[in-house]
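Visitor: with the input below, show me the fold.
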Amino acid sequence: MKIELTALARLVDAEISGGDPHRIISGVDSLKDAAAGDVAFYASGKYKDELAATKAGCVLFGEDSRTDAASYHGDKLFTKNVRSSWIKVLRFKERDMVSHPKGVSAKADIATSVRLGAGVSVGSFTVIGEDTLVADNTVIYAQCYIGSDVTIGKDCVIYPRVTVREGAIIGDRVIIHPGTVIGADGYGYVQVEGRHEKVPQLGIVEIQDDVELGANVAVDRAALGRTVVGAGTKVDNMVHIAHNVQIGKNCLFIAQSGVAGSTIIGNNVIVGGQSAIRDNVEIGDGVIIGPQAGVIGNLKSGEVVFGTPCIDIKESMRLSALYRKLPEMYKKFKSLP
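Guide: Residues are numbered from 1 along each chain as shown. A predicted model of the protein is given here:
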């Protein structure tokens, strides 16, 4: 990475304050670890001490941090949205660090009926089944399995050891990290004469545009119809989404959370780490589910819940305060005549 300060300012739509506009920026790092050739960013007032001590040659500030910026004597860039601008800096740096495989490996096993768009890359030992479509500029790394009748959109990145089973539909600009399985059978059994009889899972999975699935995520195929992960949703590592779940747009799922079958989740929902959502419930738009929460019933739009079983977060905090007082209350109770 090498970029003049003026070019960096244009990249992030920032105003330069002081310093040499022709300074070469050669790296990115945190305030704490940055060197003279690096650019860092200042997130908020709790990092004042790190700002005062930083060796960074350039710091990116938000417009609301001009007062705090007075303590820093290097080159300054001021922007309206410092976090958004910082993402642009990181993406610029990423070009130097990440190089996706190019072309179709001779060691890939691709069925003759597969249709590959322009600029598609397929890594060694990847298998792609019959009648699958992979659209333009998608990258599929080594050792993936893509089943038959799958549709994969354009500009996707599928990392090693991903499995996409038959019939799945994947939109544009989807990122899938290693070890994830899309379209495994849903968990469906009926007890017949003391035995667990498997219910055939005949549906598919639909992953819409701009979704990112972390490592070792499982999205199960529907029993009938579709399991859907809505556009813009981001899923952390080791999350389980069961059969026939319907997830809306722009949701966030944190690690080790799970959603049981046929649950419907609205748009812009946040699901905290290690939380569990039971089957056949409906969760409205904008709900926030705290970490390790247990959801056993429907939640209305805008609710914020915590605990197991989950309740309104304000009530949960009040109960937590009371729990801490229980030992003292118990002593007083025992001392009563």
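Visitor: confidence score at Glu212?
Guide: Here the pLDDT value assigned to Glu212 is 98.
Visitor: right, I mislabeled it, should have said Leu322
Guide: pLDDT, Leu322: 86.
Visitor: so how far is the helix or strand that contains it off the chain centroid?
Guide: Using DSSP states H and E, Leu322 maps to helix 313-334. The chain centre lies 37 Å from the centre of helix 313-334; the measure is C-alpha atoms, centre = their mean, to the nearest Å.
Visitor: which helices and strands sit right next to it?
Guide: For helix 313-334, the elements it packs on are strand 304-306, judged by 3 or more C-beta pairs under 8 Å, 6 or more residues apart in numbering; DSSP states H and E. All C-beta atoms are positioned from the backbone trio N, CA, C, and that covers glycine.
Visitor: now do the strand it packs on: everything it contacts.
Guide: Val287, Ile288, Ile289, Gly290, Ala293, Val295, Leu299, Ile311, Asp312, Ile313, Ser316, Met317 (C-beta atoms under 8 Å, 6 or more residues apart in numbering).
Visitor: residues touching Phe41, list them.
Guide: Going by C-beta under 8 Å, 6+ apart, Phe41 touches Leu31, Val59, Leu60, Phe61, Val82, Arg83, Ser85, Trp86, Val89.
Visitor: report the buried members of these.
Guide: For the contacts of Phe41, a neighbour count by 16 or more other C-beta atoms under 10 Å gives the buried set as Leu31, Val59, Leu60, Phe61, Val82, Ser85, Trp86, Val89.
Visitor: what distance do you get for the fourth one to Arg23?
Guide: When distances are taken as C-beta to C-beta, to the nearest Å, Phe61 and Arg23 turn out to be 16 Å apart.
Visitor: likewise the last one?
Guide: Summarising the geometry, the distance separating Val89 from Arg23, computed by C-beta to C-beta, is 15 Å.
Visitor: now swap in the first one and tell me
Guide: Taking C-beta to C-beta as the measure, Leu31 falls 18 Å from Arg23.
Visitor: same question, the second one
Guide: Shown here: Val59 relative to Arg23, a distance of 12 Å by C-beta to C-beta.
Visitor: anything in contact with each of these two?
Guide: By C-beta under 8 Å, 6+ apart, the residues touching both Val59 and Arg23 are Asp75.
Visitor: contacts only, for Lys93.
Guide: Taking C-beta under 8 Å, 6+ apart, one finds Met1, Gly27, Val28 in contact with Lys93.
Visitor: which one of the contacts of strand 304-306 is nearest to Thr180?
Guide: Distances from Thr180 to the contacts of strand 304-306, taken as C-beta to C-beta, are shortest for Ile289 (22.0 Å).
Visitor: neighbours around the closest one, how many?
Guide: By other C-beta atoms under 10 Å, the residues close to Ile289 number 27.
Visitor: which residues touch it?
Guide: Ile289 neighbours (C-beta under 8 Å, 6+ apart): Val269, Ile270, Val271, Gly272, Ser275, Ile277, Ile283, Val295, Leu299, Val305, Cys310.
Visitor: go again with 6 Å.
Guide: Contacts for Ile289 (C-beta atoms under 6 Å, 6 or more residues apart in numbering) come out as Val271, Gly272, Ser275, Val305.
Visitor: what does it show for phi and psi?
Guide: Per-residue torsions, Ile289: phi -110, psi 120 (degrees, to the nearest 10).
Visitor: can you give me the distance of it to Val304?
Guide: Taken as C-beta to C-beta, the span from Ile289 to Val304 is 8 Å.
Visitor: the spatially most central residue of the chain and Gln208: what is the separation?
Guide: By C-alpha atoms, centre = their mean, the chain has its centre lying nearest to Lys234, at 3.2 Å. In this view, Lys234 and Gln208 are 12 Å apart by C-beta to C-beta.
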